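K.L.:
structural data only, the sequence is not supplied:
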């Protein structure tokens, strides 16, 4: 059984290196490849619950406490010399990567829906993706932003394919709320610092945009309630949404943390039954039943509306390819 667990961890880290980190973070690619081939590192991960073994969580925990290692050998030395401290951080934190740039890939869908919108985000963390109308966007032909921004917004650059229906105006949002197992407060310095640590080390522009979004969220304070996506909290939020707005349930990079396919599929059916539009932006492995004509796209997310694929997207919002 332990041998099977070791093989699964090694495969997870190798896949992270080859499909997620490659071309985006050379350092994380090196770290993940190193862990995949290192018995002692894998033995350490085996002491953690399965849900706490993710590459992002391990690397963020090390950086949060000890700073960013220069190479794999430095990371390995730090990990093996500080197992208890790293374990404590990993058990007490989650990979709540609240990436506001994903709004750039959601916007082409949101802007086309009947306005105004009532948004519910599942796995909302600090609620940064609940504020798409507060940010600025650049799809290569000039910026799209609110005429009277309350604060200087982050500008999210997004490479869009020619078929992508680019928005000409920001969506009008009448109501918004989020659901999360552990809601974070954008105005809390410690919680904001953890979100910053989850940004990959070379991605300085992404970090600057996150900090700008955190400042906006600290003032706007989007409502995020504590609850599981598998519980009844989603239904309660849906009942609160105003009747005159188009109800949209969305999530990005969340359902991968629900281990069972039956539970994922059940959530999808339930979300689709509760709202007019259900937007899923996840790894294609999360909902393998969604048909895609153009085949697989390693390292990218598949965005679907009401269970129908509409686009391949970059996991951090940097690109969208309309299907």
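P.N.:
Yes, it's here. This is a predicted model, so every value here is computed, not measured.
K.L.:
count of neighbours near residue 280?
P.N.:
Taking other CB atoms under 10 Å as the criterion, the count of residues near residue 280 is 28. C-beta coordinates here come from the backbone N, C-alpha and C atoms, glycine included.
K.L.:
same thing with residue 82?
P.N.:
Per other CB under 10 Å, the neighbour tally for residue 82 reads 16.
K.L.:
that one: what's it in contact with?
P.N.:
Neighbour list for residue 82: 65-66 [criterion: CB atoms under 8 Å, 6 or more residues apart in numbering].
K.L.:
gap between it and residue 76?
P.N.:
Noted for residue 82: a distance of 11 Å to residue 76, by CB to CB, to the nearest Å.
K.L.:
also residue 139?
P.N.:
Using CB to CB, residue 139 is found at 41 Å from residue 76.
K.L.:
in the chain, where is pLDDT below threshold?
P.N.:
For the chain, applying pLDDT under 70 flags the ranges 1-4, 97, 147-151, 294-296.
K.L.:
for it, what spans make up the helices?
P.N.:
For the chain, the helices defined by DSSP state H cover 2-15, 26-36, 39-46, 55-66, 72-81, 83-92, 103-110, 189-197, 204-220, 233-240, 261-274.
K.L.:
dump these into JSON lines; add distance to residue 301 as well.
P.N.:
Compiled in JSON lines, the helices of the chain are given as follows (distance: least, CB to CB, whole Å):
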{"stretch": "helix 2-15", "distance to residue 301": "15"}
{"stretch": "helix 26-36", "distance to residue 301": "18"}
{"stretch": "helix 39-46", "distance to residue 301": "25"}
{"stretch": "helix 55-66", "distance to residue 301": "15"}
{"stretch": "helix 72-81", "distance to residue 301": "27"}
{"stretch": "helix 83-92", "distance to residue 301": "25"}
{"stretch": "helix 103-110", "distance to residue 301": "8"}
{"stretch": "helix 189-197", "distance to residue 301": "20"}
{"stretch": "helix 204-220", "distance to residue 301": "16"}
{"stretch": "helix 233-240", "distance to residue 301": "21"}
{"stretch": "helix 261-274", "distance to residue 301": "15"}
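K.L.:
tell me which of those helices sits most buried.
P.N.:
helix 103-110 (a mean of 25; mean count of other CB atoms under 10 Å).
K.L.:
contacts for it?
P.N.:
117, 129, 131-132, 135, 137, 139, 156-158, 160, 164-167, 170-171, 248, 250, 252, 277, 279, 281, 301, 303, 305, 310-311, 313-314, 317-320, 322.
K.L.:
filter those down to the buried ones.
P.N.:
Those of the contacts of helix 103-110 that meet the buried threshold are 117, 129, 131-132, 135, 137, 139, 156-158, 160, 164, 166-167, 170-171, 248, 250, 252, 277, 279, 281, 301, 303, 305, 310-311, 313-314, 317-320, 322, by 16 or more other CB atoms under 10 Å.
K.L.:
the residues you listed in strands, which ones?
P.N.:
In this view, those that belong to strands under DSSP state E are 117, 137, 156-157, 160, 248, 250, 252, 277, 279, 281, 301, 303, 305, 310-311, 313, 319-320, 322.
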